[in-house]
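1. please work out how this folds:
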Amino acid sequence: MLEINTLIGLPVDRWKEYRDIRLEMTKNDSWAFTPNHEDLLKLSEEEWKSELEDKRNTYFFLEDSGVLVGMSSIRTHIYNQFKHNVSFDMLYVNPEYRGRDLGKRLTEERIDYVKEQGGVKNVICEIFSSQIPSLELHKQLGFEEVGRIKDFAQYEGKYFDSVFMQLELA
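-> Coordinates of the predicted model:
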């Protein structure tokens, strides 16, 4: 039986674990995340801690026996005219844990969290067109494509669209 816990937030003293999973995700799926692996390697300890402490972000982590094996985040907007929107950022599950619906679980938990917090009308996410499983997952959970920027990202000589998806809650 899979005993994977979901953590909402991470104490700042676990910043190295946060750094390590972010580096893992950009190394394993470099075409899917920004900033890239090389840029993340340049961040200082204080910059990593600052990311964890940023109140605009709510991080969700999957933990198996004390080891982080997945993560995602919700970003809130600071300006009043946009506060009814949140962005779902970074959805990652370690390759050894894929195929167990953990990405779906993280996304459903974020949706439930946002609903419980109240005041949110729209959940917005941006997904590169190369991320077919993520696009399909979000469609399955009720997100609709609302826009696309052609050839937005380039990786190893190939161009990918940036797909904007929205889930209306209210």
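2. quick check, Gly103 in a helix?
-> Yes. The assignment for Gly103 is a helix, going by DSSP: H, G, I helix; E, B strand; the rest coil.
3. dihedrals phi and psi, the nearest residue to it once chain neighbours are set aside?
-> Distances taken as C-beta to C-beta, 6 or more residues apart in numbering place Val93 nearest to Gly103, at 5.2 Å, with adjacent residues excluded. C-beta coordinates here come from the backbone N, C-alpha and C atoms, glycine included. Taking degrees, to the nearest 10, you get phi -130, psi 130 for the backbone angles of Val93.
4. strands of this structure, start to end?
-> 4-8, 57-64, 67-76, 85-93, 122-128, 144-155, 158-168 (DSSP state E).
5. using a markdown table, please lay out those together with distance to Lys49, mean pLDDT and mean neighbour count.
-> Listed next are these as a markdown table, based on distance: least, C-beta to C-beta, whole Å; pLDDT from 0 to 100; neighbours: other C-beta atoms under 10 Å:
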| stretch | distance to Lys49 | mean pLDDT | mean neighbour count |
| --- | --- | --- | --- |
| strand 4-8 | 17 | 92 | 13 |
| strand 57-64 | 13 | 96 | 19 |
| strand 67-76 | 16 | 96 | 20 |
| strand 85-93 | 18 | 95 | 22 |
| strand 122-128 | 26 | 96 | 20 |
| strand 144-155 | 28 | 94 | 12 |
| strand 158-168 | 29 | 96 | 16 |
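6. what's the closest of these to Thr26?
-> Nearest to Thr26, of all these, is strand 85-93, at 9.1 Å by C-beta to C-beta.
7. in its sheet, which strands sit next to the closest one, and in what direction?
-> strand 67-76 (antiparallel), strand 122-128 (parallel) (DSSP bridges).
8. could those go into a markdown table alongside distance to Arg22?
-> Shown next, in a markdown table, are the strands paired with strand 85-93 (distance: least, C-beta to C-beta, whole Å):
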| stretch | distance to Arg22 |
| --- | --- |
| strand 67-76 | 8 |
| strand 122-128 | 17 |
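9. sorry, back to before: for the strands of the chain, give me CSV that also has distance to Asp29.
-> Formatted as CSV, the strands of the chain follow (distance: least, C-beta to C-beta, whole Å):
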stretch, distance to Asp29
strand 4-8, 19
strand 57-64, 15
strand 67-76, 12
strand 85-93, 7
strand 122-128, 10
strand 144-155, 10
strand 158-168, 13
